[in-house]
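A.B. asks: what shape does this take:
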Amino acid sequence: MSIRRLPEHLVNRIAAGEVVERPASALKELVENAIDAGASRIAVALAAGGIGRIEVVDNGCGMAPAEMALALERHATSKLPEALWDNGAIENVSTLGFRGEALPSIASVARLTVESRVRGADGWSRIVDNGKPAGEGPAALPPGTRILVEELFARVPARRKFLRSARAEYAACLDAVKRLAMARSDVGFTLDHDGRRILTLRPAEAPARVAELLAHELERHGVGIDCEREGLRLTGVVSLPTFNRGLADQQFLFVNSRPVRDRLLVGALRGAYRDLIARDRHPIAALFLDAPLDEVDVNVHPAKTEVRFRDPSAVRGLIIGGLRRALDAESQRSAAREQSAAPVMWTSSAMHDQNLVRHPRAGEDPAQQENWAPAFAGVTSGGVAEAQHLFEHAPAARAEPAVAPVRRYPLGVARGQVAATYIVAEAEDGLVIVDQHAAHERLVLERMRSAREGGSIAGQALLIPEVVELDEPDCDRLEGAAAELAGMGFEIERFGPTSMLVRSIPAALGKTDVKALAADLAGEIAELGGPLSLRDRLDHVAATIACHGSVRAGRILSVAEMNALLREMEVTPRSGQCNHGRPTWVKLAHGDIERLFGRK
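C.D. replies: Coordinates of the predicted model:
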């Protein structure tokens with residue numbers, strides 16, 4: 001078969017396939033063009049989720065008639081500065097778009113109307129119908145540009161049938177607008193869908209814009225991020241571990257104000273929340289990474305949704321380290337702590353009151369139980385060791401001793417136990433309810449983690465070293481990380497071009513599939529730049545041990561034990577949530593309690 005040149009209409013449709021996958025991708029290109037044109041206001045109107053109509057109006061610099069004709073040609077752009085024109089250093093392009101393919105690509109698969117006016121001149125209009133010019137002439141409009149896209153893929157049934165429902169396409173368009181609106185908080189946006197106003201965003205500072213577009217509760221349950229390392233700066237906001245979602249649809253990542261969906265960044269965000277949140281839950285986040293232009297390549301994907309970093313390990317380390325430090329600084333906060341009290345049914349009777357306390361065991365002296373109350377009257381944060389000793393060795397006591405004064409403890413003083421599961425404590429500003437098992441589970445895990453970080457993890461030598469066959473690139477990755485893996489109890493060495501010799505594995509893992517573990521580690525290093533799988537497994541083992549070694553629900557605790565638990569929680573990092581991301585305590589403020597009883 002001979003080699004032939006493709007017809008122009010096929011070339012345009014191939015280009016359109018790279019840029020215009022669905023209405024949301026076309027909308028993204030048009031809004032990016034409006035931002036790059038210097039617009040301070042952008043109005044978007046959709047019909048049928050963008051399948052029927054997409055309209056984008058901006059107040060940017062506009063285009064003269066001759067420029068408009070060039071904009072509709074392939075490989076024409078205004079986004080490559082003249083200083084870069086000769087040397088072709090496209091990696092230094094700072095605009096959102098560059099390829100110059102958007103307008104001609106969209107015009108090849110839809111009816112495109114472009115109207116534009118430069119300040120001090122008359123407006124002009126051009127119409128292109130599925131790649132063919134369909135008219136031009138004067139247009140009346142204020143300075144700026146109006147672009148109308150109609151009947152997307154109407155004449156390309158093979159593409160049209162793969163579009164989803166109008167509702168699903170609208171959701172994708174809304175997500176695209178939200179991401180761009182977060183990236184450029186200095187630009188005002190409006191979004192209408194089928195004649196209904198959806199968004200009205202005035203120019204604002206970045207934190208205010210993020211609060212407008214993300215969950216409103218994030219203002220109370222969020223943690224601000226601002227850190228810098230090696231020329232990289234990370235800012236934004238993330239949610240507390242206890243304020244999470246079942247989907248990862250509220251994670252917005254930006255590189256140099258460009259919305260991206262990058263696996264490295266998503267993996268780093270997931271790594272920062274490792275062991276703070278359940279595996280099937282996801283944090284809410286809006287993170288802005290600023291990097292020198294020569295440190296990031298934005299031209300690795302036609303739609304520019306992925307990027308490539310010169311030093312991915314530095315980026316990953318900045319994100320994980322910065323988020324961890326910020327979350328640790330707020331580790332005593334819990335989203336559940338600040339939730340308003342919902343209307344509940346409270347009952348009080350002698351029968352129910354009996355469930356709050358444990359009756360003396362046979363042969364116990366009830367009077368002796370009361371003597372434990374003063375034992376913790378003077379316990380402070382500095383007395384955690386003594387409190388822990390009493391917590392672990394104190395005999396069981398009744399949960400209704402002589403009332404001790406309320407001291408300035410964040411979690412208050414224990415007053416009782418409900419259903420042998422929940423500790424009720426009185427604080428100066430309200431009532432605190434603690435899940436005893438979840439709380440102690442976190443405390444045990446943190447103790448184990450501290451002990452583990454004090455030295456290398458014990459390894460278990462294999463009686464017969466095992467040879468693992470892998471691809472050569474995977475062997476190279478494992479060999480490069482051998483020193484770090486050895487510190488975690490996983491000793492390996494190169495045994496050939498495609499073989500690794502495993503001499504020991506972490507003792508805590510017990511029996512494990514060595515080949516599968518090595519393959520997983522190699523894949524993890526390739527994807528995220530670090531051997532996370534092993535750490536994940538060790539943390540999972542530690543969490544399991546902590547769970548089984550913790551105070552179980554259903555165990556009656558003495559007042560001394562309850563107070564010891566509260567005091568240790570107050571000085572333990574991440575004690576606001578258990579190892580599975582659930583809250584360990586909630587607080588009912590005095591105002592909440594008064595509302596429950598109709599006093600307010």
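A.B. asks: moving C-terminal from the biggest strand by length in the chain, which element do we reach first?
C.D. replies: Assignment by DSSP state E gives strand 459-469 as the longest strand of the chain. Note on strand 459-469: by DSSP states H and E, the next helix or strand toward the C-terminus is helix 472-480.
A.B. asks: re earlier: what residues of the longest strand of the chain count as buried?
C.D. replies: Buried residues in strand 459-469, counted by 16 or more other Cβ atoms under 10 Å: 459, 468. For glycine as for every other residue, the C-beta is placed from the backbone atoms N, C-alpha and C.
A.B. asks: partner strands of it and their direction?
C.D. replies: If you go by DSSP bridges, strand 459-469 pairs up with strand 499-506 (antiparallel).
A.B. asks: now do the buried residues in the following helix or strand past the partner strand.
C.D. replies: Moving toward the C-terminus from strand 499-506, the next helix or strand (DSSP H and E) is helix 514-528. Within helix 514-528, the residues that count as buried by 16+ other Cβ under 10 Å are 514, 517-522, 524-525, 528.
A.B. asks: ok now helix 514-528, how far from the chain's centre?
C.D. replies: Chain-centre distance of helix 514-528: 24 Å, with Cα atoms, centre = their mean, to the nearest Å.
A.B. asks: can you redo the buried residues of helix 514-528 as TSV with distance to L163?
C.D. replies: Listed next are the buried residues of helix 514-528 as TSV, based on distance: Cβ to Cβ, whole Å:
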residue	distance to L163
V514	47
L517	43
A518	43
A519	38
D520	37
L521	41
A522	39
E524	36
I525	38
L528	33
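A.B. asks: in its sheet, what does the helix or strand hosting V56 sit against?
C.D. replies: Assigned by DSSP H and E, V56 belongs to strand 53-58. Its sheet considered, strand 53-58 pairs with strand 41-47 (antiparallel), strand 144-150 (antiparallel) by DSSP bridges.
A.B. asks: can you list contacts of it?
C.D. replies: Under the criterion Cβ atoms under 8 Å, 6 or more residues apart in numbering, residues 23, 26-27, 30-31, 34, 37, 39, 41-47, 144-150, 152, 173 lie in contact with strand 53-58.
A.B. asks: narrow those to just the buried residues.
C.D. replies: Judged by 16+ other Cβ under 10 Å, buried ones among these: 23, 26-27, 30-31, 34, 37, 39, 41-47, 144-150, 152, 173.
A.B. asks: tally of neighbours for G195?
C.D. replies: Counted with other Cβ atoms under 10 Å, residues neighbouring G195 total 8.
A.B. asks: distance check, it against D58.
C.D. replies: The gap separating G195 from D58 is 21 Å, by Cβ to Cβ, to the nearest Å.
A.B. asks: for the stretch 201-350 of the chain, give me the ranges with low pLDDT.
C.D. replies: 299-304, 332, 334-350 (pLDDT under 70).
A.B. asks: can we see that at 50?
C.D. replies: 337-350 (pLDDT under 50).
A.B. asks: these two touch, right, G581 and N244?
C.D. replies: Yes. Using Cβ atoms under 8 Å, G581 is in contact with N244, at 6.3 Å.
A.B. asks: can you pick out the residue with more neighbours from the two?
C.D. replies: Between G581 and N244, counted using other Cβ under 10 Å, the more crowded position is N244 (23 against 20).
A.B. asks: now for the chain, the helix or strand with the poorest mean pLDDT.
C.D. replies: Here the helix or strand of the chain ranked lowest by mean pLDDT, DSSP states H and E is helix 350-354, holding a mean of 35.
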